[in-house]
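**Q** Pasting the sequence and the predicted coordinates here, then a few questions.
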Amino acid sequence: MIINNLKIAYRNLIRNKGFSLINISGLAIGMACTILLLLWVNHEMSYNKFHKDPEQVFQVANYQTWNGRKNAMPNLPGPLIDVLKEKYPEVEYATHFNPWGEKLLLEYNGVRQYANIQCADPDFFQIFNFPLIQGNKETCLNDIGSIVLTEKSANKIFGKENPIGKVVKIDNRQPLTVTAVVENPPTNSTIQFEYLVTFEMMKRYNKWLDSWGSHNFFGYAKIAKGTDISNLNERLDQFYTEHVEEESKKSVFVFPLLKRHLYSLEYKPSKITKVRMYFLIAIFILIIACFNFMNLSTARAAKRAKEIGMKKTIGATYPQLIRQFLGESLLITLIAANFAIILAHFFLPQFNTLMSRQLEINYASGEFWLVILLVTAFTGLIAGAYPAFYLSSFNPIMVLKGTHTGGKGSSKFRRTLTVLQFILASSLLICTLTIVLQTKFLSNMDIGMNVNNVVMVNVNQEMHKKIETIKSELQSNAIVESVSFGSHIPYQVFNNGWGWEWEGKDPNYTPLVTYPSVDADFLDVFQIEMAEGRFFNKENPAADSMCVVVNEKFAKIMSDESVVDNTMRSGDMDYRIIGVVKDYNCTPNNRKLQPVLMQMTQNINCLFVRYTAGNSMKTVSKLEEVCSKYNPDFPVVHLFLNDHYSQLFDSERMTIRTLLYASLLAIIVSCLGLFGLASFNAEERTKEIGVRKVLGASMGQLIMIFGKDFSKWILISTIISWPITYYAMEKWFEDYPYRIDFPFWLFGAVLFILLVVSLITIGYQSWKTATKNPVISLKYE
Amino acid sequence: MIQTSNLSKIFRTEEVETLALTNINLHIKKGEFVAIMGPSGCGKSTLLNIIGLLDNPSAGNMRFLENEVAHYSEKQRTKLRKSNIGFVFQSFNLIDELSVYENVELPLVYQKVPASERKRMVSEVLKRVQLDHRSKHFPQQLSGGQQQRVAIARAVVSNPNLILADEPTGNLDSANGREVMDLLSELNQEGTTIIMVTHSSSDAERASRTIQLFDGHIVSENHKKTLKQQIKSEIL
């Protein structure tokens, strides 16, 4: 019987090529999306599981209390790790690790390149499972002059040479010996590194790493098996008062590494929300694809009716027929699954770009095939269940008499499915286009400064010493308009803090203030305007060393009146406010206007040059010439700020691209559903059309009958999507102080787009029915 | 073989109640060839469906092969039907996706007859309807008469006790119709009981008994004399 059913299924597929194609492609697209999303979900869930005894590995973190609120912070002071290891016996191994690293010049055999140097303790390889290709994991970080490379970085520096025992130089002064080469950290590892030196070596560079007051490191520990972690955390709560200072607002705790990727240190869901969301989307897409399958299968019911009726007459039972139809849908799903794997394979690189991941499909893994099997079975059963029950319940007498008509209930069901799909398509499209408009607005927005025609280089210690000379030499050039140095790129200031006091301030109010260090030429280079008072003195900068300039936002926080000449206090130092600059955007990533306080340069990291338009390359070569002259041992790496600024919107662009793909997919899938509905409708109304034609209806009038019916449903779907999208987008806009007004015109535009697309979709079916010979249409009865 | 007493069938919709059959009392013996005639809508097909265990009566009783079947469930009816009744329809109702051979084989599949046995039975019956050379063809590749012969082959392949034919020649030209009726007569002579609904009086002449239905009632019953009886009456 199975063979018999398979034969019928196969011949049905071949005979109805169009339907089969739509069914299989709809399912294949849906399943491919699901496979890709599940691949991502699986990757996110697999983070840090590859370590040995991963449940014993913990991140060491601390709580700091400000404004009466306990905040979990990953950054630790340098000495903490050693105390932890010494005083808590259950801590078997512990290490420092700086996740960001320091960009330092690395030289080998005369070839110099900037490298991101990170540091760790000898215990590092005892805690984490990063297999060594060469070297000994127990000793490779013992010697202060060691450096451990990954396969990738070893290749970059040494090519085919054996790196072990070779000496590289850091920052032109510190020789380090390569002691080990490790496999590249897998992408599902929270710990990522390329060049690893010892923490002791880093300390030689930065003395402050040894202080309890400076929080610059992450810490990790391996805790003995069987340790009661909540008990350990209770004891760590007293860490500071017991080992550091008697009165402290800080405490220490450990957090399981296995949860680190998905949860915040406060056990709040972070990535896990996205993982759950994407998992739901994956299931949702699959269900939508199933909807279409149901739609098309039930739409074609009339064609199968005779077969069902006859089979029932000669003895097929209800369960036998259900099994047959479920089997058929499983067969189709199985074929679709093959195409889905091909599609997923083909689109994986694009998906990776979209998600910023390097996912791979492991065809050798049983897990992958199990997932495919589960997805196929799920899809086949969901998609097949409704049609199977629907078709199997046909009354053979009605069918064989030719009086069978599809039930009213089932046609309502199909219409509801299509409306739901169009609500989704319309919502996605409106949201996507709104985000496109907002992003366009943001990237073209006046950010209160001009970053065009400004080039930047990083300032190292050598340049720092001669910065004034470099500046004046650059300034003497005709193509250079102005030169400034400071601590940060002005739209990307990550230096902030509390602790500023002023007269009339509520003592419980501690605003987070952003403070960049600048020089007197800062305003000229970035063309930022003064709102009140003056900027720092160019002629005699030293005279303004105890002065500050604030932005309008900060001035407004302090007082409704002018704040110029008011005094501000930080610690035991008093500063005079000499001016207020107009607001500019100092942190475009969160886009919230921050209170800004500027001081004359204390730390210099960047040198900015504004040049006359059209002279970018000349300026760069001049910059290289001057910098190399005073800083010959370090290559000059420049950055055009307008390019850099526009790159800040890459993630928005990526979101837009994802959403555009999702909308496109939703539209395609909805149109497949619509096509199914249209063909069902066409079949159902063959007689009606025949009669109308005999009575003299024109082709256009007939096509209009279909068009009107479907336009009504599209209109209803779109209107339902309006309040949903308006609410969702207003919620989204809350994060943006600079925003566009809600583009209501999109409602009309999206409706128009969907109407056109859907009329094209149903056009073919309507035309086919309308052009049928009425004699045949009526004989069909 | 079949005995009905006061058999009635009422079709109800929300607004209308239609009396399709009223108090049908019928006795059909094994080996009979019964033709049911009457105008459209008189209840012929309804009666056939009830006798064929496709439908239950609204009232009355029916015995089929010693079973009281009037209140049988769908499952029980299916069980009894598949081993005892073969169907032939006006519009053939062959499954387009299956070949001639597979169409004929289908009832045996549902009766779980072993494959080798099926092959033998199907070949035999196809030979009998003279379509063994067409066994790999699909229904659309055959003429109407050939298609109806396939349908008859399908109806008799499992050696049913009863064949129900609903206007078997209705879609055929006279030559093909005659062929089909010859086949049915042949089967009847071999002992198969046949009940046939028809509009054609020439087809009805082949039957041993003709029942006239009108508005759901049996209005007349004509027993055709057997050959023996005819000769006897002629001699007399």
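**A** Perfect, I can see it now.

**Q** Now stretch A:492-504 - C-alpha only, CSV.
**A** Taking Å, rounded to 0.1, in the frame of the first residue of the first chain, the C-alpha atoms of stretch A:492-504 are listed here in CSV:
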residue,chain,number,x,y,z
GLN,A,492,33.3,58.8,20.3
VAL,A,493,34.3,59.9,23.8
PHE,A,494,34.3,56.9,26.1
ASN,A,495,35.7,58.7,29.1
ASN,A,496,33.0,59.6,31.6
GLY,A,497,32.5,59.7,35.4
TRP,A,498,30.6,61.1,38.3
GLY,A,499,31.9,63.3,41.1
TRP,A,500,31.5,66.9,39.8
GLU,A,501,29.9,69.3,42.3
TRP,A,502,28.6,72.8,41.8
GLU,A,503,26.7,75.3,43.8
GLY,A,504,23.0,74.5,44.2
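
**Q** Now do that stretch, average pLDDT.
**A** The average pLDDT for stretch A:492-504 rounds to 78.

**Q** what's next to it, contact-wise?
**A** Around stretch A:492-504, the neighbours that count as contacts under CB atoms under 8 Å, 6 or more residues apart in numbering or on different chains are A:66, A:487-488, A:510-516, A:558-559, A:566-571, A:586-589, A:594, A:596-597, A:648. Bear in mind the C-beta positions are built from the backbone N, C-alpha and C, glycine included.

**Q** Now list the buried members of those residues.
**A** Using 16 or more other CB atoms under 10 Å in any protein chain shown as the burial test, the contacts of stretch A:492-504 include A:487-488, A:513-516, A:558, A:566, A:568, A:570, A:586-588, A:594, A:596-597 as buried.

**Q** Lowest-confidence member of those residues, which is it?
**A** residue A:588 (63).

**Q** State the three-state secondary structure for the residue most central in space within chain B.
**A** For chain B, residue B:164 is the residue whose C-alpha lies nearest the centre (CA atoms, centre = their mean; 0.9 Å). Using DSSP: H, G, I helix; E, B strand; the rest coil, the structure places residue B:164 in strand.

**Q** For residue A:89, pull up the helix or strand it's in.
**A** Secondary structure assignment for residue A:89, by DSSP states H and E: no helix or strand.

**Q** quick one: contacts for whichever residue of the stretch 101-250 of chain A sits closest to chain B?
**A** Residue nearest to chain B within the stretch 101-250 of chain A (CB to the nearest CB): residue A:188, separated by 48.9 Å. Applying CB under 8 Å, 6+ apart to residue A:188 gives the contacts A:43-44, A:46-50.

**Q** shaky segments in the chain?
**A** Since you didn't name a chain, this refers to chain A. Along chain A, the parts satisfying pLDDT under 70 run over A:1, A:66-67, A:302, A:400-410, A:588-591, A:687, A:693-697, A:773-781.

**Q** right idea, wrong chain: chain B
**A** Looking at chain B by pLDDT under 70, you get B:225-236.

**Q** Apart from its neighbours in sequence, what residue is nearest residue 217?
**A** Went with chain A since none was named. The shortest distance from residue A:217 to any non-neighbouring residue, by CB to CB, 6 or more residues apart in numbering or on different chains, is to residue A:96 (4.6 Å).

**Q** ah, I was thinking of chain B
**A** Computed as CB to CB, 6+ apart, the closest residue to residue B:217 that is not its neighbour in sequence is residue B:22, at 5.5 Å.

**Q** what distance separates the helix or strand containing the one you found from the centre of its chain?
**A** Taking DSSP H and E as the criterion, residue B:22 maps to strand B:17-28. Mean C-alpha position of strand B:17-28 versus that of the full chain (CA atoms, centre = their mean, to the nearest Å) differs by 18 Å.

**Q** Equivalent analysis for stretch A:585-605, please.
**A** 25 Å.

**Q** circling back to that earlier point, so when I look at the residue nearest to residue A:217, I'm seeing a strand, right?
**A** Yes - according to three-state DSSP, the state of residue A:96 is that of a strand.

**Q** still on that earlier bit, thinking the residue nearest to the centre of chain B is in contact with residue B:54, fair?
**A** No - here residue B:164 does not reach residue B:54: they are 9.1 Å apart, not a contact under CB atoms under 8 Å.

**Q** Residue A:63 sits in which helix or strand?
**A** Using DSSP H and E, residue A:63 sits within strand A:57-66.

**Q** Following element in sequence after that strand, please.
**A** Scanning forward in sequence from strand A:57-66 by DSSP H and E, the next helix or strand is strand A:69-73.

**Q** so what's the residue nearest to the centre of chain B up against?
**A** B:48, B:51-52, B:85-88, B:194-196.

**Q** Show me which pair in the buried ones among the contacts of stretch A:492-504 is furthest apart.
**A** A:566 and A:588 (29.0 Å; CB to CB).

**Q** Test my guess that residue A:755 contacts residue A:713.
**A** No - using CB under 8 Å, residue A:755 is not in contact with residue A:713, being 10.7 Å away.

**Q** Skip the chain neighbours and tell me the closest residue to the residue nearest to the centre of chain B.
**A** Nearest one to residue B:164, counting by CB to CB, 6+ apart, is residue B:52 at 4.6 Å.

**Q** got a list of what the one you found touches?
**A** Applying CB under 8 Å, 6+ apart, the residues near residue B:52 are A:313, B:81, B:85, B:87, B:164.

**Q** any idea how far it is from residue B:160?
**A** 11 Å (CB to CB, to the nearest Å).

**Q** Over to residue A:59?
**A** 78 Å.

**Q** ranges for the strands of the stretch 601-750 of chain A?
**A** Along the stretch 601-750 of chain A, counting by DSSP state E, counting those that start in this stretch, strands occupy A:606-611, A:638-640.

**Q** Let me know whether residue A:197 touches residue A:147 as I believe.
**A** Yes - the pair residue A:197 and residue A:147 qualifies as a contact (CB under 8 Å) at a distance of 5.2 Å.

**Q** thinking again about what came up before, dig out what the residue nearest to the centre of chain B forms beta bridges with.
**A** Taking DSSP bridges as the rule, residue B:164 bridges to residue B:87, residue B:195.

**Q** Since that was my last question, I'll sign off now.
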